[in-house]
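Student: Make a model of this:
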Amino acid sequence: MDLWTRYTLIGVAIAIAAVIGLSMAAGAETSRGYGFGLLIFAVAVLLEFRVVNAYFDARDGRTAKILPRVDEITPASFEGRVMAGAGSAVVAVAVGLSMAAGAAPSSFSYALGLLIFAAAVGYIFLLIKKHFDNRDAA
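Tutor: Next up, the predicted model:
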């Protein structure tokens, strides 16, 4: 498959996800459905820009990537991972759980707070995995 076709198919798949997000938002009866529909749309639009950037990078012979590699989002040093983990824990508790605790369970703020909490905890586990991978490689 040539370069143009591959990135066009990726872009079309992401555009379909964006339309699904907009249709979710349009047909939502609650603020949670509306908010997540718009969130899906916003993420899809950002990914579309990344796909266009990756296409031009690949066409010009540079390294093309749509999403960053794990090594690019985790610090290399142990101290850096400890600081990133502590920062993620603060974000998880201060932002995520505080946002969820102050909102009604059926609201978008509640679901978004839990999503932020889950993403921060997932990043902490990624940092732990990276530490043990480095330790095993040494």
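Student: Which neighbouring elements make contact with the lowest-mean-pLDDT helix or strand in the chain?
Tutor: Here the helix or strand of the chain ranked lowest by mean pLDDT, DSSP states H and E is helix 70-73, holding a mean of 83. Using 3 or more CB pairs under 8 Å, 6 or more residues apart in numbering; DSSP states H and E, the elements in contact with helix 70-73 are helix 108-137. C-beta coordinates here come from the backbone N, C-alpha and C atoms, glycine included.
Student: How far off centre is the helix it packs on?
Tutor: Between the mean C-alpha point of helix 108-137 and the mean C-alpha point of its chain there is a distance of 11 Å (CA atoms, centre = their mean, to the nearest Å).
Student: Check the average confidence over it, would you?
Tutor: Here helix 108-137 scores 89 as its mean pLDDT.
Student: Check which residues of that helix are buried.
Tutor: The neighbour-count check on helix 108-137 (16 or more other CB atoms under 10 Å) flags 108, 110-117, 120, 123-124, 126-127, 130 as buried.
Student: number of nearby residues for residue 58?
Tutor: By the criterion of other CB atoms under 10 Å, residue 58 has 16 neighbours.
Student: Can you give me every residue that contacts it?
Tutor: With contacts taken as CB atoms under 8 Å, 6 or more residues apart in numbering, residue 58 has the following neighbours: 3, 7, 64.
Student: So the second one is in contact with residue 55, correct?
Tutor: Read that as residue 7. Yes: under the criterion of CB atoms under 8 Å, residue 7 lies in contact with residue 55, with a separation of 4.1 Å.
Student: so how far is stretch 37-51 off the chain centroid?
Tutor: The mean C-alpha position of stretch 37-51 is separated from the chain mean by 10 Å, CA atoms, centre = their mean.
Student: Let's see that stretch as CSV, backbone CA atoms only.
Tutor: Coordinates of each C-alpha in stretch 37-51 appear next as CSV, following Å, rounded to 0.1, in the frame of the first residue of the first chain:
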residue,chain,number,x,y,z
GLY,A,37,-19.4,13.2,22.3
LEU,A,38,-17.7,16.5,22.0
LEU,A,39,-14.6,15.1,23.7
ILE,A,40,-14.4,12.3,21.1
PHE,A,41,-14.8,14.9,18.4
ALA,A,42,-12.0,17.1,19.8
VAL,A,43,-9.6,14.2,20.1
ALA,A,44,-10.4,13.0,16.6
VAL,A,45,-9.7,16.5,15.2
LEU,A,46,-6.3,16.6,17.0
LEU,A,47,-5.5,13.2,15.6
GLU,A,48,-6.4,14.3,12.1
PHE,A,49,-3.8,17.1,12.4
ARG,A,50,-1.3,14.5,13.6
VAL,A,51,-2.1,12.3,10.6
